[in-house]
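Enquirer: sequence and predicted model, in that order:
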Amino acid sequence: MSKIPPKSGQLTMSYTTTVVTPSGSRFQEENLAIETPYSIALNDENIGSSMVLPIGLEEFGAGFLFGQGYIKIPGEVKEIYVCPEGRIAVYADVDIIEPKEVIITSGCGGTGKISKEMLEGAFDPLQECTITFPEISTFIRQVLQASPLGPDTHCVHGCGLWNDGRLQVFFEDVGRHNAVDKVLGAILLGKASARGAIYTTGRLTSDMVLKCARIGIPIIMSRTAPSSLGLAIARRSGATLAAYARPDKVNVFNAPERIIS
């Protein structure tokens, strides 16, 4: 077996595998998604780190800090620098950087973390909107076709945000949490509005739904299933929760009135 080392900025690398079958073996070239460690700092204070697909890193830095409870609203982030040595330096208009009590979520390998304070307390009103079924069909197709990385590597999750009749932003990552964080980061950086629908290829567990509801997204959709606590948070916040979303159907677990046939 041989591999070609990835170059800086690449999202995939080539690797030659041995395919073994009952009738023999053969070589086959495969594409692997690049997974890279990045640390995230806020006002020069190290907050945490994550393994990410090295694209959309500014958005990831902002979204990661939102999920940890440090960044709360759009406009707080002033500058972001992505350093070649694997560091995302975020500078924001926040007074005190205190360690947050975090909850380890259902992210694979314990990689998902949210601040405990995000789980507690009342929700602010969501930024109301509706979406038609023809829009849902177009939205899902565009997210699934937005990048060749999915079919090329079978190793990434995609996430998009739809409002004003079009796909506003799309991001992908090796982690479903990271892909969602990148979309939330785009909202925090003023590149998109929370007044819309988010669609992820990952399952809707508590932290995924919680972060979307806390930032104000009213319609949360997934290709796959929600968890019981994900549903409970949708009910608490009043968010529309739609699972098993396909171009020809969705299974709405909560607040179906925002989806217009």
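Expert: All right, it came through fine.

Enquirer: quick check, Gly150 in a strand?
Expert: No. Membership of Gly150 in a strand is not supported by DSSP: H, G, I helix; E, B strand; the rest coil, which gives helix.

Enquirer: and Glu98, how many residues sit next to it?
Expert: For Glu98, the count of nearby residues is 8 (other CB atoms under 10 Å). C-betas here are computed from N, CA, C, even on glycine.

Enquirer: measure it to Tyr70 for me?
Expert: 9 Å (CB to CB, to the nearest Å).

Enquirer: correct me if wrong: Ile187 contacts Ile73.
Expert: No. Using CB atoms under 8 Å, Ile187 makes no contact with Ile73, being 9.9 Å away.

Enquirer: the two: who's more crowded?
Expert: Per other CB under 10 Å, whichever of Ile187 and Ile73 has more neighbours is Ile187, with 28 against 12.

Enquirer: what's the burial count for the residue nearest to that one when sequence neighbours are not counted?
Expert: Counting by CB to CB, 6 or more residues apart in numbering, the nearest residue to Ile187 once its immediate chain neighbours are dropped is Ala194, at 5.2 Å. Close neighbours of Ala194, defined as other CB under 10 Å, add up to 22.

Enquirer: show me what contacts Ala194?
Expert: Gln127, Ile187, Ile215, Gly216, Ile217 (CB atoms under 8 Å, 6 or more residues apart in numbering).

Enquirer: the nearest residue to Gly202 once chain neighbours are set aside and His157, how far apart?
Expert: Distance criterion CB to CB, 6+ apart; nearest residue to Gly202, sequence neighbours excluded, is Arg176 at 2.6 Å. Per CB to CB, Arg176 is found 4 Å from His157.

Enquirer: the more surrounded of the two?
Expert: Arg176 (25 against 21).

Enquirer: can you give me the distance of that one to Gly196?
Expert: 19 Å.

Enquirer: quick one: low-confidence parts of this protein?
Expert: Segments of the chain classed as low confidence (criterion: pLDDT under 70) are 1-9, 96, 99-115.

Enquirer: ok, which stretches of it are helices?
Expert: For the chain, the helices defined by DSSP state H cover 57-67, 116-119, 133-144, 149-153, 176-188, 206-215, 228-237.

Enquirer: Leu11 is nearest to which of these?
Expert: helix 149-153 (6.3 Å; CB to CB).

Enquirer: any buried residues in that closest one, and which?
Expert: For helix 149-153, burial by neighbour count (16 or more other CB atoms under 10 Å) applies to Leu149, Gly150, Thr153.

Enquirer: run a quick neighbour tally on Asn43.
Expert: Using other CB under 10 Å: Asn43 sits among 15 other residues.

Enquirer: what of Gln168?
Expert: 17.

Enquirer: excluding its backbone neighbours, what's nearest it?
Expert: Ala192 (4.3 Å).

Enquirer: quick one: neighbours of the nearest residue to Val77 once chain neighbours are set aside, just the number.
Expert: Spatially, and ignoring its direct neighbours in sequence, Val77 is nearest to Ala92 (4.8 Å; CB to CB, 6+ apart). For Ala92, the number of neighbouring residues by other CB under 10 Å comes to 19.

Enquirer: distance of Ala92 from Ile259?
Expert: In this structure, Ala92 and Ile259 are 35 Å apart, going by CB to CB.

Enquirer: dump the residue contacts of the most centrally placed residue in the chain.
Expert: Computing the C-alpha centroid of the chain and ranking residues by CA atoms, centre = their mean puts Val180 first, at 1.3 Å. Counting by CB under 8 Å, 6+ apart, Val180 touches Gly63, Cys159, Ile198, Thr200, Gly202, Met208, Lys211, Cys212.

Enquirer: what number of residues lie near Arg223?
Expert: 19.

Enquirer: over to Glu117?
Expert: When neighbours are counted by other CB under 10 Å, Glu117 comes out with 12.

Enquirer: Gly61 too?
Expert: Counted with other CB under 10 Å, Gly61 comes out at 32.
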